[in-house]
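Visitor: What shape does this take:
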Amino acid sequence: MPGPRASTRRGGHFLSTVVLTGSVALAGVAGTLIAATGVISAVQRVPDVSAVLSPPSATVENFLLVGSDSRANSDPNSPDFGGIGSEADVQGTRSDTIMVLRRDRQTGSASLLSIPRDLWVEVPGRGRSRINSAYNDGPAVLVQTVQGALDIPVHHYVEVDFNGFKSLVDAVGGVQICFWYPTRDLNTGLNIVEPGCPVLDGVQALAYARSRHYQELREDAEWHEDGTADLGRTKRQQQFVNEAMKTALARVKANPFTAGDVLASGAAAIRIDDETDLLAAAASMRSAVGDGLLTWSLPVLGEAIDGKAVLVLAEGADEILAYFRGEGDAPSPPV
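Guide: Next up is the predicted model:
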């Protein structure tokens, strides 16, 4: 039975790639596309990002996917409200989920790169800092940081917050995730009482993705906390991306009339740059994600710089970054 064997750290975040799930699943459902026009027009746009996006490439199309921990419009009646809080409890907006979704323009295949939040890079206007600090200065600065520090072109920007994530998961009917052991996180409310492959609803999925203290009840009847931190969480999030996208595609193929609900949830959940054509992007991604995504994590090493625990690029990173620039073949093997 496959299952997550990873951990998370402080992670008020989740798989922002799931924001594409609804639109990817919808693309190709001809009867729904016309009706979808009004929904798409309601998608929130992020101003000032388009000006810093890369020009179209002949080899790759890259989406920068960002998870925001905004508590805006949080529901005090939601079962997870106590673990999330409101805007008054947690002010401001941060992100420690940053991913690049790459579509190969020649083959149509899709790949996903996770960027660790603690990666030590040059941030415009800040100097050397953790990459997630770039988001504090706005999405445009984060785009510029990814492009400048990693030399990866960014053609589209997509963002989702807590509430949007939950609504998307519920819109596709939940996402099945397998667990080897009873699993819990007392902080986020994650509670898997027995091994197996339950279908997580939006609340459960967010608790899983936000888990900072991910524990498993092992054979010795003791709870063991997995200490792989951000790197472990990354692997679990990548797994969730694959399962969510495959779930959305399967659901819409089985019942095309559900596509409207998925799209409506997606439109309400996401913010994108002000030039991306969401339906065109969905159409281009639909076939790419049908067989799942190849996933990579940047090789990193832990260091202490200026008294801060940070990550720096390690051997093997150049090959992966070159691939996401559209230069050369895919590294082998992906992780």
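
Visitor: For Val203, grab the count of nearby residues.
Guide: Neighbour count of Val203, defined by other C-beta atoms under 10 Å: 19. Bear in mind the C-beta positions are built from the backbone N, C-alpha and C, glycine included.

Visitor: And it, how far from Thr97?
Guide: 18 Å (C-beta to C-beta, to the nearest Å).

Visitor: what do you get for Pro56?
Guide: 26 Å.

Visitor: The two: which has the busier surroundings?
Guide: Thr97 (27 against 10).

Visitor: And the pLDDT at that one?
Guide: pLDDT, Thr97: 78.

Visitor: Number of residues surrounding the closest residue to it other than its chain neighbours?
Guide: Leaving aside its chain neighbours, Thr97 sits nearest to Gly67 (3.3 Å; criterion: C-beta to C-beta, 6 or more residues apart in numbering). Neighbour count for Gly67, taken as other C-beta under 10 Å: 31.

Visitor: Gly67 touches Leu142, doesn't it?
Guide: No. Here Gly67 lies out of contact with Leu142, judged by C-beta atoms under 8 Å, at a distance of 11.8 Å.

Visitor: And stretch 312-328, end to end?
Guide: Stretch 312-328 has its terminal residues 23 Å apart, counting by C-alpha to C-alpha, to the nearest Å.

Visitor: which residue ranges form the helices in the chain?
Guide: 21-26, 30-41, 81-84, 139-150, 162-171, 202-210, 229-254, 259-269, 278-289, 317-325 (DSSP state H).

Visitor: Just want the angle from the longest one to helix 202-210.
Guide: Translated: helix 229-254. Using axes from the mean of the first three to the mean of the last three C-alpha atoms, to 10 degrees, the direction of helix 229-254 lies 150 degrees away from that of helix 202-210.

Visitor: and helix 229-254, which residues are buried?
Guide: Going by neighbour count (16 or more other C-beta atoms under 10 Å), the buried part of helix 229-254 is 229-249, 251-252.

Visitor: which secondary structure elements does it contact?
Guide: Applying 3 or more C-beta pairs under 8 Å, 6 or more residues apart in numbering; DSSP states H and E, one finds that helix 229-254 contacts helix 21-26, strand 97-104, strand 110-115, strand 175-176, helix 202-210, helix 259-269, helix 278-289, strand 294-297.

Visitor: at 7 Å what do you get?
Guide: helix 21-26, strand 110-115, strand 175-176, helix 259-269, strand 294-297 (3 or more C-beta pairs under 7 Å, 6 or more residues apart in numbering; DSSP states H and E).

Visitor: average pLDDT across the first one?
Guide: This points to helix 21-26. On average, helix 21-26 scores 45.

Visitor: cool, the last one as well?
Guide: In this model, strand 294-297 has a mean pLDDT of 84.

Visitor: Identify the residues contacting that strand?
Guide: Around strand 294-297, the neighbours that count as contacts under C-beta atoms under 7 Å, 6 or more residues apart in numbering are Ser111, Leu112, Leu113, Ser114, Leu231, Thr234, Lys235, Gln238, Ile320, Ala330, Pro334, Val335.

Visitor: which one in those residues is the model shakiest on?
Guide: Ranked by pLDDT, these bottom out at Val335 (56).

Visitor: Distance of Asp151 relative to Arg325?
Guide: On the measure of C-beta to C-beta, Asp151 and Arg325 end up 6 Å apart.

Visitor: Of these two, give the one with the bigger neighbour count.
Guide: Neighbour count, other C-beta under 10 Å: between Asp151 and Arg325, Arg325 has more, with 18 against 13.

Visitor: how much space between that one and Gln239?
Guide: 25 Å.

Visitor: Next one, pLDDT for Tyr135 please.
Guide: Reported pLDDT for Tyr135: 87.

Visitor: Tell me, how many residues neighbour it?
Guide: Counted with other C-beta under 10 Å, Tyr135 comes out at 23.

Visitor: cool, Gln204 as well?
Guide: Gln204, neighbours per other C-beta under 10 Å, totals 23.

Visitor: Which residue is the nearest non-sequential neighbour of it?
Guide: In space, Gln204 is closest to Leu190, 7.2 Å off (C-beta to C-beta, 6+ apart).

Visitor: Now do the same contact list for that neighbour.
Guide: Counted by C-beta under 7 Å, 6+ apart, Leu190 has contacts Thr183, Arg184, Ala207, Tyr208, Ser211.

Visitor: of these, closest to Glu219?
Guide: Nearest to Glu219 among the contacts of Leu190, counting by C-beta to C-beta, is Thr183 at 14.2 Å.

Visitor: Tell me what the closest one is bridged to.
Guide: For Thr183, the beta-bridge partners are Ile192, Glu216 (DSSP bridges).

Visitor: That one reaches Glu216, doesn't it?
Guide: Yes. Applying C-beta atoms under 7 Å, one finds Thr183 in contact with Glu216, separated by 5.4 Å.

Visitor: low pLDDT regions in the protein?
Guide: Applying pLDDT under 70 to the chain flags the ranges 1-40, 68-96, 162, 229-230, 252-268, 283, 285-292, 333-335.
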